[in-house]
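# Structure for the following, please:
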Amino acid sequence: MTTLGLLRPPTLTPGHTPSSQRNPRALAWGSAVVLLALVLAAALSRFAIRAAETLPSRLTDQEFWSLSQDSSEPNGFFQSDNLLSNEIWLQWVIPDLVKRTSLGGVYMGVGPEQNFTYISALKPKIVFLPDIRRGNLDLQLMYKAIFELSSDRADFVARLFSRKRPSGLSDKSTAAEIFDAYALVETGSADVYKQNLKAIDDELTVKRHLPLSSDDLDGIDYVYDKFFEFGPNINYGSSQGNMNRGRFVTYADLMESTDANGVARSYLATEENFKVLKDLEEKNLMIPVVGDLSGAKAVRAIGRYLKEHGATVTAFYLSNVEQYLQRSNTMGRFLCNVAALPLDDHSTFIRSQNGGGPRGFGGGFGGGFGGRGGLMSYLGSMKDDAKACSSVR
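Here you go, the predicted structure:
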């Protein structure tokens, strides 16, 4: 603002009397400029707050489904079902992530449950989960129903794996205590599974009135059946038969893991973390989207919605998607999609890379958890990376 240049103090020389002291009108005029600048600054601040607050506090069921489907692309391909992550070290970046971003913004992320741990830490106002496979949308809808049906973490785990809830668990139980207790529970019966599946379908189609296709209902059945079959020991490779089953960390491992300082930050570590997710799901503010990150529609549709509501992306979890984009020579299109998102200097990528663990921990890269550590996470600037796109269409 050019008027702010008038606020710089004049250079004084010894014995010089400022003109404002010799001229009351100059003093009054200077005070008026200061007052105007303060008023403008306050107005801009109020505008920024109003813009952020245009994000809805909840979505109707119809708005939720329309936003999901109108932003989506046709089903795409990935090499696995990707029912859960293999990123045991994902919590290590959370302390830095929280420091460099603001709570209550917009979160975006690909893949399954690892998003929940980042979301519980950032507490966003709205979440978009774009992923190339419609199977991930079905998985996220399964989670949505289970979050809504469950009263607490122990109840959630019972429903997720169709197991009977053990006695003695409370809202103070640690994730390790919860999963240790469930490790002693026998696999539930087929009748229990069918009852739970019907409750999930009813939550989505009867209560929420979501017009799910038969393919989506079958997809929910498929992923839920894998959680029933393998229980808390399910891992990234479980749905692919015996292939690589022993190489990956289990669901229990992921929930019991910590950051580098031993602080438990998984979404099932505390009731507070769990309730962040439950609240977002109940308000229809966690929106699954089908789309290639380098595609022409999904990411840009999300960007248009956010810009219309004056919102900014806080964090975007990518996993290791970029290595596949590089292989397919579509990294440039992805960066242009990112450049079309509303960003600021604090917008942060959460990336994953091969390696299996930080050096010096658990035996170096590939060590730790018997060599099953999977991918390591790190952070990057979305705004800086988006500069690689020379033009945004």
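# tell me the strands in the stretch 151-300 of the chain, going along the chain?
286-290 (DSSP state E, counting those that start in this stretch).
# Tell me where it has helices.
Along the stretch 151-300 of the chain, the segments classed as helices by DSSP state H, counting those that start in this stretch run 153-161, 175-182, 190-202, 214-230, 251-256, 271-282, 298-308.
# So which of those is nearest residue 376?
Evaluated over the helices of the stretch 151-300 of the chain, closeness to residue 376 peaks at helix 251-256, with 14.2 Å, by CB to CB. Quick note: C-beta positions are derived from backbone N, CA and C, even for glycine.
# show me the contacts for residue 255.
175, 178-179, 266-269 (CB atoms under 8 Å, 6 or more residues apart in numbering).
# if we can go back for a sec, tell me which of the helices of the stretch 151-300 of the chain approaches residue 135 most closely.
helix 214-230 (5.7 Å).
# Which elements pack onto that closest one?
For helix 214-230, the packing partners by 3 or more CB pairs under 8 Å, 6 or more residues apart in numbering; DSSP states H and E come out as helix 134-149, helix 153-161, helix 190-202.
# got the angle for the last one vs helix 134-149?
Computed with axes from the mean of the first three to the mean of the last three CA atoms, to 10 degrees, the direction of helix 190-202 lies at 100 degrees from that of helix 134-149.
# what about the helices and strands packed on helix 214-230, which gets the closest to residue 301?
Closest among these, using CB to CB: helix 134-149, at 14.6 Å.
# C-alpha coordinates for that closest one, PDB please?
This file holds the C-alpha atoms of helix 134-149, laid out as PDB (Å, rounded to 0.1, in the frame of the first residue of the first chain):
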ATOM      1  CA  ARG A 134     -12.600 -46.200  -6.800                       C
ATOM      2  CA  GLY A 135     -11.800 -49.000  -4.400                       C
ATOM      3  CA  ASN A 136     -10.300 -46.400  -2.200                       C
ATOM      4  CA  LEU A 137     -13.600 -44.500  -2.200                       C
ATOM      5  CA  ASP A 138     -15.400 -47.700  -1.200                       C
ATOM      6  CA  LEU A 139     -12.800 -48.100   1.600                       C
ATOM      7  CA  GLN A 140     -13.300 -44.600   2.800                       C
ATOM      8  CA  LEU A 141     -17.100 -45.000   2.800                       C
ATOM      9  CA  MET A 142     -16.700 -48.200   4.900                       C
ATOM     10  CA  TYR A 143     -14.600 -46.100   7.400                       C
ATOM     11  CA  LYS A 144     -17.200 -43.300   7.300                       C
ATOM     12  CA  ALA A 145     -19.900 -45.600   8.400                       C
ATOM     13  CA  ILE A 146     -17.800 -47.300  11.100                       C
ATOM     14  CA  PHE A 147     -16.800 -44.000  12.600                       C
ATOM     15  CA  GLU A 148     -20.400 -42.800  12.700                       C
ATOM     16  CA  LEU A 149     -21.600 -46.100  14.300                       C
END
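# And for it, what's in contact with it?
The contact list for helix 134-149 (CB under 8 Å, 6+ apart) reads 68, 72, 75, 81-83, 110-113, 116, 129, 131, 156, 159-160, 199-201, 203-204, 210, 212, 215-216, 219-220, 222-224, 277-278, 281-282, 286, 288-290.
# Endpoints of stretch 58-76, how far apart?
One end of stretch 58-76 sits 29 Å from the other (CA to CA, to the nearest Å).
# got the buried residues for that stretch?
Using 16 or more other CB atoms under 10 Å as the test for burial, stretch 58-76 gives 59, 64-65, 67-68, 71-73.
# just these now: which is nearest residue 91?
Closest to residue 91, out of all of the buried residues of stretch 58-76 and judged by CB to CB, is residue 68, at 28.1 Å.
# The closest one: helix or strand, and which one exactly?
Assigned by DSSP states H and E, residue 68 falls within helix 61-70.
# Just the C-alphas of that helix, formatted as CSV.
Below are the C-alpha coordinates for helix 61-70, written out as CSV (Å, rounded to 0.1, in the frame of the first residue of the first chain):
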residue,chain,number,x,y,z
ASP,A,61,-25.9,-35.8,2.6
GLN,A,62,-26.7,-34.6,-0.9
GLU,A,63,-24.0,-32.0,-0.9
PHE,A,64,-21.5,-34.5,0.3
TRP,A,65,-22.3,-37.0,-2.4
SER,A,66,-22.5,-34.4,-5.1
LEU,A,67,-19.2,-32.8,-4.2
SER,A,68,-17.6,-36.3,-4.2
GLN,A,69,-19.0,-37.5,-7.5
ASP,A,70,-18.9,-34.1,-9.4
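# Remind me what that helix packs against, helices and strands.
Checking 3+ CB pairs under 8 Å, 6+ apart, helix 61-70 ends up next to strand 286-290.
# partner strands of the strand it packs on, parallel or antiparallel?
strand 126-131 (parallel) (DSSP bridges).
# so where's the stretch 251-393 of the chain uncertain?
Where the stretch 251-393 of the chain drops to pLDDT under 70, the residues are 355-374, 390-393.
# at 50 instead, please
Counting by pLDDT under 50, the ranges of the stretch 251-393 of the chain that qualify are 356-372, 392-393.
# Equivalent analysis for the stretch 1-150 of the chain, please.
In the stretch 1-150 of the chain, residues with pLDDT under 50: 1-21, 44-52.
# try 70 this time
Filtered on pLDDT under 70, the stretch 1-150 of the chain yields the residue ranges 1-53, 80.
# Tell me which stretches of it form helices.
19-22, 24-52, 61-70, 94-100, 114-122, 134-149.
# Filter the contacts of residue 255 down to just the buried residues.
Counted by 16+ other CB under 10 Å, the contacts of residue 255 give 175, 178-179, 266-269 as buried.
# got those residues as a markdown table, with distance to residue 376 columns?
Formatted as a markdown table, these follow (distance: CB to CB, whole Å):
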| residue | distance to residue 376 |
| --- | --- |
| 175 | 21 |
| 178 | 26 |
| 179 | 23 |
| 266 | 17 |
| 267 | 19 |
| 268 | 22 |
| 269 | 20 |
